[in-house]
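1. turn this into a structure:
(2 chains)
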Amino acid sequence: MTASPRARRTLAGLALALRLALVKLVAIVPTLLIVATLLFFLLRLAPGGPFDRERAAPPEVMRALEHKYHLDESLFAQYGRWLTDLLFHGDLGPCFKYPHRTVNEIIGATLPVSMHLGLMALLVALAIGIPLGVVGAARQNRWQDTLSMAAALVGLSVPRFVLAPLLVLAFSLGLYWLPVARWESWRHMILPVVCAALPTAAYVARLTRAGLIEILGADFIRTARAKGLSERRILFVHALRGGLLPVVSYLGPGFSGLLVGSLVVEKIFNIPGMGRYFVEAALSSDYALLTGVTLVYGALLMVSNAAVDVAYALLDPRVRGT
Amino acid sequence: MTARAEVVPGGAPGRSLGRDAWRRLRHNRAAFVAGIVLVVLLLACIFVPMLAPYAYDRQDLALGATPPSAAHWMGTDFHGRDLFARVFFGGRVSFAVGFIATGVALVIGVTWGAVAGYFGGRVDAVMMRIVDILFTFPFLILVILLKVFFANSRSPLYHAFQATLGLFVKDAKDPSYLPLFQIFFVFGALGLVSWLTMARIVRGQVIALREQPFIEAARAIGVRPLAIVFRHLVPNAAGPIIVYTALTVPQIMLTEAFLSFLGLGTEEPLSSWGLLVAGGAETMALYPWLLVFPSVMLAVTLLCLNFLGDGLRDALDPRARKA
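-> Residues are numbered from 1 along each chain as shown, chains lettered A, B, ... in the order given. Model (predicted):
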């Protein structure tokens, strides 16, 4: 079986992307360790502890609590214990606010929900944003362009936490079409996913339009026109591949924006995701939970950035050479 | 952007970048209307709390929550506080955060980017590497962590704040100043995490400008490097700096509202738009007006700021318009 030159080029590209992915993933580990160490010490040096209450507990109770969670040991002994648990058992330790659950249990239960919400919102954002941007670029400076870009600017300006309650007010409390909150059937998912997706969709639309307009002015598009190809073929086959590159490089930050944005969406719709616990942990100085959730967010962000770099290398032949 | 002098024999009057931009901005109807709305809103936020018959924190528990009426144009909340006064007082806080934090970000970003771009080489590599690293961290989470570390009554920053305040007032140790400290903290924290893009933009501009003849001339007559950076390079990068500053303001106001919404920004009894939306969202089934008025104010303001920023970009950066 002889491979055609084209197939061989694709294979070489894939091999390169695979190697790039491996390098990027390996580089994530030390970065995460540095972040974890910084977080550990900063949080414990910060004033205020997880057991501070309005009314101080009796000293013997405090001592017992601190002993149970090893807070009475030296900082370095605590760090050693915590790091060994993390590295050798993948254990992020006990949670201070919910004494019966470990940080691992909480993350294990909530991360899938957050990922589900985030990925669906990302898909919806791309499904809305890219067509809107293509319309804007294909009908540049005509009413279709003005309309879609005005819509994108509105989408960019209305924050998620304003959009969400207003949508609930309209569709749940006013029209009774959709449930107010919770995360059960697909009907429960419509409002949260739309709320999380719209601002991202608006940004994607603007990026798509700008990227496409730049590509449509390139020489190879003039060549394609000179060959007599149809406008539709030029737009969708020749221009879109290059025009979407800015969108691809936005996917990493965009996904992390969605995750952070879902802090609000999860709170409003009472969705049992990770964002709620992050906010609660921040408000109650729950060191272990805060460190754990921050590390998971950081890891997700770095993995998605690495994935974007790899996708970029696959799509853009200019990057491969370097 | 390079300063282009168009020499016309016979002498048509020269047009400066500023006058050119102003003409273009005036012809952009959306941006111009947005600008007027913003000025009106800003004046209202400054003067309404002074003139309104109710103070933003005056409670009337017997009255409770009432829908909009002739006495209370936007109704009252659960504690009988006048929403009209609270919305405009909250606007003060939101605008102040937006402008001051943007100022902080502007100073850091321009200095960082200009120095990195002008000196180049290893300085540039190290400085921009730091920017790259900070970029990979979701900055909202950074702000939340900073807030957890430092924005409480036992933080060393709070003691510094009290000491500074003691120079102006006698009762600086009074705990009622804690909310004020927290607002200042939000200014600083948001500014500290929002300068990264500005630094990149300014660096790019400075690199493009630094080989121009007028900079070479300045070097030749012995102008000191920092004077070249701030007196010659930064003013010539004014266009992109203004544009990006204008686009940073709505971003920061949005972030402040987001943090207040989560209970991590401005705190009661002060008000800000994010805090009011959060309160309104909790009771929207019973008292929808408490949600609708602050939401609309926030959304309209952000929309106008974005329209104005886009308009400024078209006016000041004609290359971006063509693209």
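2. the residue lying closest to B:Ser194 once chain neighbours are set aside: neighbour count?
-> Nearest residue to B:Ser194, sequence neighbours excluded (C-beta to C-beta, 6 or more residues apart in numbering or on different chains): B:Ala105, at 4.0 Å. (Glycine included, C-beta is placed from N, CA and C.) Residues contacting B:Ala105 under the criterion other C-beta atoms under 10 Å in any protein chain shown number 26.
3. now B:Pro175
-> With other C-beta under 10 Å as criterion, B:Pro175 counts 7.
4. and for the one 4 residues further on?
-> A count of neighbours around B:Pro179, defined by other C-beta under 10 Å, yields 14.
5. next one: the one 5 residues further on
-> Taking other C-beta under 10 Å as the neighbour definition, B:Phe184 ends up with a count of 17.
6. so where does it fall, helix or strand?
-> Assigned by DSSP states H and E, B:Phe184 belongs to helix B:178-193.
7. I'd like the distance between B:Phe307 and A:Thr200.
-> 20 Å (C-beta to C-beta, to the nearest Å).
8. give me every residue that touches A:Arg19.
-> Not one residue lies near A:Arg19 by C-beta atoms under 8 Å, 6 or more residues apart in numbering or on different chains.
9. let's see that with 10 Å instead.
-> By C-beta atoms under 10 Å, 6 or more residues apart in numbering or on different chains, the contact list for A:Arg19 reads A:310, A:313.
10. ranges for the helices of the stretch 1-150 of chain A?
-> A:5-45, A:59-68, A:75-89, A:103-138, A:143-157 (DSSP state H, counting those that start in this stretch).
11. ranking the ones you listed by mean pLDDT, which is last?
-> Across the helices of the stretch 1-150 of chain A, helix A:59-68 has the smallest mean pLDDT, namely a mean of 71.
12. ok and the longest helix seen in chain B relative to helix B:178-193, angle-wise?
-> Criterion DSSP state H: the longest helix present in chain B is helix B:83-119. For helix B:83-119 against helix B:178-193, the angle by axes from the mean of the first three to the mean of the last three C-alpha atoms, to 10 degrees is 30 degrees.
13. low pLDDT regions in chain B?
-> Along chain B, segments meeting pLDDT under 70 span B:1-17, B:60-65, B:70, B:72, B:80, B:136-138, B:151-154, B:317-323.
14. about what we covered before: now do the helix or strand just after the helix holding B:Phe184: distance to the chain's middle.
-> Later in the chain than helix B:178-193, the nearest helix or strand by DSSP H and E is helix B:196-209. Relative to its parent chain, helix B:196-209 has a centroid offset of 20 Å by C-alpha atoms, centre = their mean, to the nearest Å.
15. now stretch A:290-310
-> 8 Å.
16. are it and chain B in contact anywhere?
-> Yes - using C-beta under 10 Å from any C-beta of the partner chain, we find that stretch A:290-310 touches chain B at A:290-291, A:293-294, A:297-298, A:300-302, A:305.
17. tell me which of the helices of the stretch 1-150 of chain A sits most buried.
-> helix A:103-138 (a mean of 20; mean count of other C-beta atoms under 10 Å in any protein chain shown).
18. got the angle for the helix or strand where A:Gly254 lies vs helix A:103-138?
-> If you go by DSSP H and E, A:Gly254 is part of helix A:245-268. Helix A:245-268 and helix A:103-138 are oriented at 130 degrees to each other (the same axes, to 10 degrees).
19. what is helix A:245-268 packed up against?
-> Using 3 or more C-beta pairs under 10 Å, 6 or more residues apart in numbering or on different chains; DSSP states H and E, the elements in contact with helix A:245-268 are helix A:103-138, helix A:160-167, helix A:186-216, helix A:274-283, helix A:287-315, helix B:139-150, helix B:238-262, helix B:273-282.
20. now for the fifth one, which elements pack on it?
-> Helix A:287-315 makes packing contacts with helix A:5-45, helix A:75-89, helix A:103-138, helix A:245-268, helix A:274-283, helix A:317-320, helix B:139-150 when contacts are defined by 3+ C-beta pairs under 10 Å, 6+ apart.
21. figure out which of these is closest to A:Val194.
-> helix A:103-138 (6.8 Å; C-beta to C-beta).
22. and the helix or strand hosting B:Ala21, is it in reach of chain A?
-> B:Ala21 belongs to helix B:17-27 when assigned by DSSP H and E. No - contact of helix B:17-27 with chain A (C-beta under 10 Å from any C-beta) is absent, the minimum separation being 14.4 Å.
23. continuing past that helix, what's the next helix or strand?
-> helix B:29-51.
24. ok, residues contacting that next one?
-> With C-beta under 10 Å, 6+ apart as the criterion, helix B:29-51 contacts A:146, A:150, A:153, B:24-26, B:28, B:55-56, B:84-96, B:99, B:249, B:297, B:300-301, B:303-315.
25. cutoff 8 Å now
-> Taking C-beta under 8 Å, 6+ apart as the rule, helix B:29-51 contacts A:150, B:25-26, B:56, B:84-85, B:88-89, B:91-92, B:95, B:297, B:300-301, B:303-305, B:307-308, B:310-312, B:314-315.
26. with stretch B:292-306 instead?
-> Against stretch B:292-306 from outside (C-beta under 8 Å, 6+ apart): A:153-154, A:156-159, A:162, A:165-166, A:169, B:34-35, B:37-38, B:41, B:74-75, B:83, B:87, B:90-91, B:94, B:98, B:246-247, B:249-250, B:253-254, B:257, B:273-274, B:276-277, B:280.
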